[in-house]
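>>> Pasting the sequence and the predicted coordinates here, then a few questions.
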Protein chains: 2
Amino acid sequence: MAGIDDVARLAGVSTATVSRALSGRGHVSAASKAKVEEAAARLGYVVSSSASSLASGRTRNVGVVVPFLNRWFFSSVLEGVQQALLRAGYDLTLYNLSGDGDERATVFEQFLLRRRVDAVIAISLELTEAEVRRLHELGKPLVGVGGPIPGVRTLTIDDVAVARLATEHLLGLGHRRIAHIGGDLEFDVDFHLPTNRRLGYEAALRDAGIDPDPRWFAPADFTIRGAYHAAKQLLGVPHERPTAIFAASDEMAIGSILAARDLGMVVPRDVSVIGVDDHDLANFFGLTTVAQFPRGQGEHAVELLMDELEPGKSRAEPSATPLPFELRVRASTARPAE
Amino acid sequence: MAGIDDVARLAGVSTATVSRALSGRGHVSAASKAKVEEAAARLGYVVSSSASSLASGRTRNVGVVVPFLNRWFFSSVLEGVQQALLRAGYDLTLYNLSGDGDERATVFEQFLLRRRVDAVIAISLELTEAEVRRLHELGKPLVGVGGPIPGVRTLTIDDVAVARLATEHLLGLGHRRIAHIGGDLEFDVDFHLPTNRRLGYEAALRDAGIDPDPRWFAPADFTIRGAYHAAKQLLGVPHERPTAIFAASDEMAIGSILAARDLGMVVPRDVSVIGVDDHDLANFFGLTTVAQFPRGQGEHAVELLMDELEPGKSRAEPSATPLPFELRVRASTARPAE
DNA sequence: CTGAAAGCGCTAACAT
DNA sequence: ATGTTAGCGCTTTCAG
């Protein structure tokens, strides 16, 4: 395995010049640079990351912490992060903290402190103040995706506004009896997303002069199956059925559509359904939804990080950057029947 | 940031003893070990992975290469790998090679050669001989999940047997007109999975004295939507409709069920459907399927790796280890009507 | 712009 | 069982 000395010898320069030429840091004449590059290529030389990290203090590696891997939102964000990191020449070390707090503590103590990473991206994971402080002490930039962490740069859609938009779409079509399938409290640990979406829904109703009816709220677990059962309850009542459902995620909206079908109802004739996400399946089901863009969120997170990691960049102060979202009207919403 | 010297000083021993005590390598008296651990804890000391790697040549980091992140199979394997690695004290560096060959080359040249990892796990990715050779030269163990790579330790279910089992289940129920929704050729690059499942299907039919009818084979792209359209074609013919569909994945089986419903057919009364995977949604849709266990496959892959990475273990020779699969009969299959 | 040399923080011989 | 010490392969002052 060729080392930097081999390259230096072959190129006829010092190791310092090789290092500078290959890393782009410091000035090197075009001539030397060319010689070095050619020598490196000939020898198949690649820097040893550990030696480089040890000497420089930078690892060119970012830790990414996610609670789930097999959900659309998370894997999409992860994809965006991965791709952006790769482009920037960084590696991505993955920590899937699906487990209990034990695992979580291990990760924090073993890897963040093992100084394996230059920075951390936390996806929809509420870090404790202690954890955030620890990272700060170590000088590791941290950016969150999916909800605000106090004192941390975070990317998040405005859940209240998203829910309001979805609800107003239904109101605008003439619906008055609008049910909501939200998250159960268990999910609220992560950034109060369910609560915020519910708040937006209720605010929109009130603005339209409608009093939110608690009978028309049903909690579920963000899965198709969970929402399916919730929707059956909602739609199964004999009188004063809701004419529309706003589900807090597309998967739950799809569950609602399937429930409606199984009750012999036709969407959107008998009931309108709107979700949030623009999940892969949304288009297939003709689902009207408020799209968010998780891949873009992941890429954006990396950009923020790079601002901090690469020297000479202006680092903006910690704040919650608002992210784009967009109503996509498809075939699952329509004017109510009567 | 406390270093090993600080710990040594506080514990009243040498740095070598600290290193031994903390890594478990070499003999240390219980007394010293206790002192060291206490000192380390008090100082919040954690080894610098780069210094450690540089000195020892081991990184305690495994590279994982996947083509997709947002598909059930891949994210499930990844979860298993992540968890097993974490338990073994290894980190996981993720490379999502969804993109073109360019990206792929970059990863190989930049990261594998950057000596960032001790080993590589390739999930459903057919590595070229050159790539495999490169890894061998570097002394990096490599294990594949999801299909055989020549000369490489690989975990894979027997796709032919899986398909045969699924088909025989339908035959056993009395079906004779069994259609198959498989992968299109594009997907065959990865381990000929579609081809193998088709072969198993055809073999089962022949064994039952039935000549496979090419009209009853439809290729799709492993998505719900793709299979939905394929199934509509299959089920829409006026005469001699198939009475059962064997789909090469659960997502495609679900697409088939939805297609049948939209044609006004009742599953399993009018058509039986069986898939492969035991996807999260399979249970919800009452789908009969042949389960495979991707999490377990991921964990298993890590075990194999550890055999090679941790010294003093017997390493078995490269071979394709067969993996478990299991028929799960639910509500989507039944005897044909007549 | 380039080179010499001093580390970066550990691990692993080699001694003791 | 423990200490001493020579690197691991690079980056980065500091001179020139």
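Perfect, thanks for sending it. Residues are numbered from 1 along each chain as shown, chains lettered A, B, ... in the order given.
>>> what's the offset of the helix or strand A:Ala105 falls within from the middle of its chain?
Using DSSP states H and E, A:Ala105 maps to helix A:101-107. Relative to the chain's own centre, helix A:101-107 is displaced by 21 Å; criterion: C-alpha atoms, centre = their mean, to the nearest Å.
>>> what comes up buried for the helix or strand just after that helix?
Going down the chain from helix A:101-107, the next helix or strand is strand A:119-123, by DSSP H and E. For strand A:119-123, a neighbour-count test (16 or more other C-beta atoms under 10 Å in any protein chain shown) marks A:119-123 as buried. In short, each C-beta sits where N, CA and C put it, glycine included.
>>> Next: stretch A:233-247.
A:234-235, A:241-247.
>>> lowest confidence element among the helices and strands of chain A?
strand A:320-322 (a mean of 67; mean pLDDT, DSSP states H and E).
>>> Which residue ranges of the stretch 151-300 of chain A form strands?
Ranges of strands within the stretch 151-300 of chain A are A:153-156, A:178-183, A:217-220, A:244-247, A:272-277, A:288-291, based on DSSP state E, counting those that start in this stretch.
>>> Deepest-packed of these, please.
Highest mean neighbour count of the strands of the stretch 151-300 of chain A: strand A:244-247, a mean of 31 (counted as mean count of other C-beta atoms under 10 Å in any protein chain shown).
>>> quick revisit: tell me which of the strands of the stretch 151-300 of chain A approaches DNA strand C most closely.
strand A:153-156 (26.8 Å; C-beta to the nearest atom of the strand).
>>> Show me what that closest one is packed up against.
Here strand A:153-156 touches strand A:142-145, helix A:294-309, strand A:320-322, going by 3 or more C-beta pairs under 8 Å, 6 or more residues apart in numbering or on different chains; DSSP states H and E.
>>> Can you tell me which of these is most buried?
strand A:142-145 (a mean of 26).
>>> can I get the buried residues of strand A:119-123 in JSON lines with pLDDT and distance to A:Leu54?
Conversion of the buried residues of strand A:119-123 to JSON lines gives the following (pLDDT from 0 to 100; distance: C-beta to C-beta, whole Å):
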{"residue": "A:Ala119", "pLDDT": "94", "distance to A:Leu54": "18"}
{"residue": "A:Val120", "pLDDT": "94", "distance to A:Leu54": "20"}
{"residue": "A:Ile121", "pLDDT": "95", "distance to A:Leu54": "24"}
{"residue": "A:Ala122", "pLDDT": "93", "distance to A:Leu54": "27"}
{"residue": "A:Ile123", "pLDDT": "92", "distance to A:Leu54": "29"}
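>>> Nearest to B:Ala30, out of these: which one, please.
Ranked by distance to B:Ala30 (C-beta to C-beta), the buried residues of strand A:119-123 are led by A:Val120 at 36.5 Å.
>>> Ignoring the adjacent residues along the chain, who's closest to A:Val107?
Excluding the flanking residues, the one nearest A:Val107 by C-beta to C-beta, 6 or more residues apart in numbering or on different chains is A:Tyr95, at 5.0 Å.
>>> wait, isn't the one you found in contact with A:Arg114?
No: assessed by C-beta atoms under 8 Å, A:Tyr95 is found out of contact with A:Arg114, at 11.8 Å.
>>> who's more crowded, these two?
Each of A:Tyr95 and A:Arg114 has its neighbours counted (other C-beta atoms under 10 Å in any protein chain shown); A:Tyr95 has more, 24 against 17.
>>> The more buried one - that's part of a strand, no?
Yes: judged by DSSP: H, G, I helix; E, B strand; the rest coil, A:Tyr95 forms part of a strand.
>>> pLDDT score assigned to it?
pLDDT for A:Tyr95: 92.
>>> Let me see the contact set for it.
Contacts for A:Tyr95 (C-beta atoms under 8 Å, 6 or more residues apart in numbering or on different chains) come out as A:63-66, A:107, A:111, B:82, B:86.
>>> what about it, distance to A:Ala260?
Distance from A:Tyr95 to A:Ala260, counting by C-beta to C-beta, to the nearest Å: 39 Å.
>>> Then A:Arg177?
Noted for A:Arg177: a distance of 14 Å to A:Ala260, by C-beta to C-beta.
>>> So these two - more neighbours on which side?
Per other C-beta under 10 Å, whichever of A:Arg177 and A:Ala260 has more neighbours is A:Ala260, with 25 against 15.
>>> just to revisit the earlier point, just grab the bridge partners of the residue nearest to A:Val107 for me.
The partner list for A:Tyr95 in beta bridges (DSSP bridges) reads A:Val65.
>>> What pLDDT is listed against the nearest residue to A:Gly144 once chain neighbours are set aside?
Leaving out its chain neighbours, the residue that sits closest to A:Gly144 by C-beta to C-beta, 6+ apart is A:Thr154, at 3.9 Å. Here, the pLDDT recorded for A:Thr154 equals 89.
>>> Give the bridge partners for A:Thr154, please.
Beta-bridge partners for A:Thr154, by DSSP bridges, are A:Gly144, A:Ala320.
>>> That one and A:Leu142 touch, don't they?
No: counting by C-beta under 8 Å, A:Thr154 does not reach A:Leu142; the two are 9.3 Å apart.
>>> Just the closest residue of the stretch 51-200 of chain A to chain B, please.
Per C-beta to the nearest C-beta, A:Ser53 is where the stretch 51-200 of chain A lies closest to chain B, at 3.7 Å.
>>> Which strand or helix spans that residue?
helix A:49-56.
>>> Now do the same contact list for A:Ile274.
Listed by C-beta under 8 Å, 6+ apart, the contact partners of A:Ile274 are A:166, A:169-170, A:244-247, A:253, A:287-290, A:332-333.
>>> Ok, A:Met265 next?
A:235, A:271.
>>> now do 10 Å
Counting by C-beta atoms under 10 Å, 6 or more residues apart in numbering or on different chains, A:Met265 makes contact with A:235, A:241, A:257, A:259, A:271.
>>> swap in A:Thr93?
A:59, A:61-65, A:111, A:116-117, A:120, B:61, B:91-94, B:116.
>>> Same question for A:Gly24.
Contact partners of A:Gly24, counting by C-beta under 10 Å, 6+ apart, are A:Lys33.
>>> Next, it: phi, psi?
phi 80, psi 0 (degrees, to the nearest 10).
>>> B:Ala39 versus that one, what's the distance?
Note on A:Gly24: its distance to B:Ala39, by C-beta to C-beta, is 41 Å.
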